[in-house]
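Enquirer: Build the 3D model from these lines:
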Amino acid sequence: AHTDFECFTIMHQRGPGLQVETREGAWVDVPPSSELHLLPQQRPDTTFTVIVGDMLEYWTAGLLRATPHRVQRTPGERASIIRFNGVDNDVVVAPLPPFATPAAVAQYPPISQAAHLRRMGEAAEANLNDLYARGVLPPPKYPPGSTTHMA
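Expert: Now for the predicted structure:
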């Protein structure tokens, strides 16, 4: 499971598999777009899921929480169209004035998009290495730094 590193993600999916985690920690299936009919006049191909990302959580000091989500393996075919929306790498993100209490600024210190991406990439690599070390995942086919796969 993970949260998206940018501001928000717009997704259209044609099959099941996406799950989101509630604030209570339960995993909930997100129905395929063809099953999300919120209004009678909506067509199935015009329904999208919006996932709150890390930067939107930062701006709102947690009022909008980055949505932990995962994709489960399903027996059928699954197709999705995903649009990640973020800011430029040099933009510094911090709680916006209506949310910038001393406690919020302490919990969400200013960070650039680039620094956040770097931090999240390093955390993902550490997690992957831990999974390799514990035998949860088989060793990588091409070790880090290897160029044999680039032939």
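Enquirer: Work out the gap between stretch 104-120 and the centre of the chain.
Expert: Remark: stretch 104-120 is offset 15 Å from the chain centroid, using CA atoms, centre = their mean, to the nearest Å.
Enquirer: Please point out which parts of it sit buried.
Expert: Within stretch 104-120, the residues scored as buried using 16 or more other CB atoms under 10 Å are 104, 108, 111, 113, 116-117. (Each C-beta comes from the backbone N, C-alpha and C, glycine too.)
Enquirer: Mark which of the residues you listed are part of strands, please.
Expert: residue 111 (DSSP state E).
Enquirer: Now the buried residues of stretch 104-120 in CSV, please, with extra columns for pLDDT.
Expert: Output for the buried residues of stretch 104-120, formatted as CSV (pLDDT from 0 to 100):
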residue, pLDDT
104, 95
108, 96
111, 95
113, 93
116, 94
117, 92
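Enquirer: could you redo the buried residues of stretch 104-120 as JSON lines and give each row distance to residue 15?
Expert: Output for those, formatted as JSON lines (distance: CB to CB, whole Å):
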{"residue": "104", "distance to residue 15": "39"}
{"residue": "108", "distance to residue 15": "35"}
{"residue": "111", "distance to residue 15": "35"}
{"residue": "113", "distance to residue 15": "31"}
{"residue": "116", "distance to residue 15": "31"}
{"residue": "117", "distance to residue 15": "29"}
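Enquirer: Would you tell me which one of the buried residues of stretch 104-120 comes nearest to residue 91?
Expert: residue 113 (5.4 Å; CB to CB).
Enquirer: how much space is there between the closest one and residue 19?
Expert: Distance, residue 113 to residue 19, by CB to CB, to the nearest Å: 26 Å.
Enquirer: Need the contact partners of stretch 12-30.
Expert: 1, 11, 31-34, 45, 47-49, 51, 65, 67-74, 76-81 (CB atoms under 8 Å, 6 or more residues apart in numbering).
Enquirer: Mind listing what's buried along it?
Expert: For stretch 12-30, by 16+ other CB under 10 Å, it's 12-13, 16-21, 30.
Enquirer: can you check stretch 52-68 too?
Expert: Neighbour-count burial for stretch 52-68 flags 52-61, 66-68 (criterion: 16+ other CB under 10 Å).
Enquirer: now, among these, which is nearest to residue 96?
Expert: residue 59 (5.1 Å).
Enquirer: contacting residues around that closest one?
Expert: 7, 93-96, 99.
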